[in-house]
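In: when you get a sec, could you give me coordinates for this:
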Amino acid sequence: MSVRKEISEYSGIYFITVTCSKWLHLLEIANAYDEVYKWFTHLKGQGHYMVGYVIMPNHIHALIGFKNTQGVSINSMIGEGKRFMSYGIVKGLKEKKEDELLRYLAAQVNATDRKKGKLHEVFEPSFDWKDCRSNKFIEQKLNYIHANPCRGVWNLVADECDYKHSSANFYATGEQGVYVVTNYTELEDVDLTK
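Out: Below you'll find the model as predicted:
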């Protein structure tokens, strides 16, 4: 998996953005939001923390508190998550008989990956990330992702708290939404390096 820049640390809070191939609305078309939640649950099961998120029709923004990844790179963990979600998205597209879209995704796979057995290019090969070292920066990123469904071309909801696939309502009201997150302030006393 190619990435723009390798994350050299094995712990910390990171703002991660994963984008569907060619910005296609694959999460929406395949109704694969649950695949993202399964990945979040997998990360939690490994001791990591979901701090905030928004799942848009064609991309995912997440703030994740990685607790000592035991020498496994965070890049590898994100790559594993993308693979895991891809299987569910492809399954959803097959169930919806999106044959033309599946052929398109198959045609996007490069020769090297095809030789390794990859069948569909569901996500862009790289992902974006930012190291979140201050509460101010975390708040900035949370505000950005939570406003996403209300901005620009999206206009999915009038109020960010009404968007189902987001942690916005939790940070505004304290009431957990579809997926339970950990408030970033609770991690201030947690040593993520252990």
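In: for this structure, which segments count as helices?
Out: 26-29, 33-45, 74-95, 99-107, 111-115, 135-147, 168-173 (DSSP state H).
In: quick one: which of these is nearest residue 17?
Out: Nearest of these to residue 17, taken as CB to CB: helix 135-147 at 8.9 Å. In this view, the C-beta of every residue, glycine as well, is placed from N, C-alpha and C.
In: and the spatially most central residue of the chain, bridged to which residues?
Out: With distances taken as CA atoms, centre = their mean, the residue of the chain nearest its centroid is residue 60 (4.0 Å). Going by DSSP bridges, residue 60 is paired in beta bridges with residue 18, residue 55.
In: report the contact partners of it.
Out: When contacts are counted by CB atoms under 8 Å, 6 or more residues apart in numbering, residue 60 touches 16, 17, 18, 19, 27, 36, 53, 54.
In: next, count neighbours for the last one.
Out: When neighbours are defined as other CB atoms under 10 Å, residue 54 has 22 of them.
In: correct me, but it touches residue 163?
Out: Yes - between residue 54 and residue 163 there is a contact under CB atoms under 8 Å: 7.1 Å.
In: shared neighbours of the two, anything?
Out: residue 149.
In: and the closest residue to residue 69 other than its chain neighbours, how far from residue 118?
Out: Distances taken as CB to CB, 6 or more residues apart in numbering place residue 10 nearest to residue 69, at 4.6 Å, with adjacent residues excluded. Counting by CB to CB, to the nearest Å, the gap from residue 10 to residue 118 is 27 Å.
In: if we can go back for a sec, if I pick the residue nearest to residue 69, what's in contact with it?
Out: For residue 10, the contact set (CB under 8 Å, 6+ apart) comprises 66, 68, 69, 70, 71, 72, 73, 74, 193.
In: just residue 30 next, same as before
Out: By CB under 8 Å, 6+ apart, the contact set of residue 30 is 88, 89, 90, 91, 92, 93, 96, 98.
In: distance of it relative to residue 57?
Out: In terms of CB to CB, residue 30 sits 10 Å off from residue 57.
In: list buried members of the contacts of residue 30 by neighbour count.
Out: Buried members of the contacts of residue 30, scored by 16 or more other CB atoms under 10 Å, are 88, 89, 90, 92, 93, 98.
In: let me have those in a markdown table, extended by pLDDT and distance to residue 158.
Out: Shown next, in a markdown table, are those (pLDDT from 0 to 100; distance: CB to CB, whole Å):
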| residue | pLDDT | distance to residue 158 |
| --- | --- | --- |
| 88 | 97 | 30 |
| 89 | 98 | 28 |
| 90 | 98 | 33 |
| 92 | 97 | 28 |
| 93 | 98 | 30 |
| 98 | 98 | 30 |
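In: farthest-separated two in those residues?
Out: The distance between the two most remote of those (CB to CB) is 13.8 Å, for 88 and 98.
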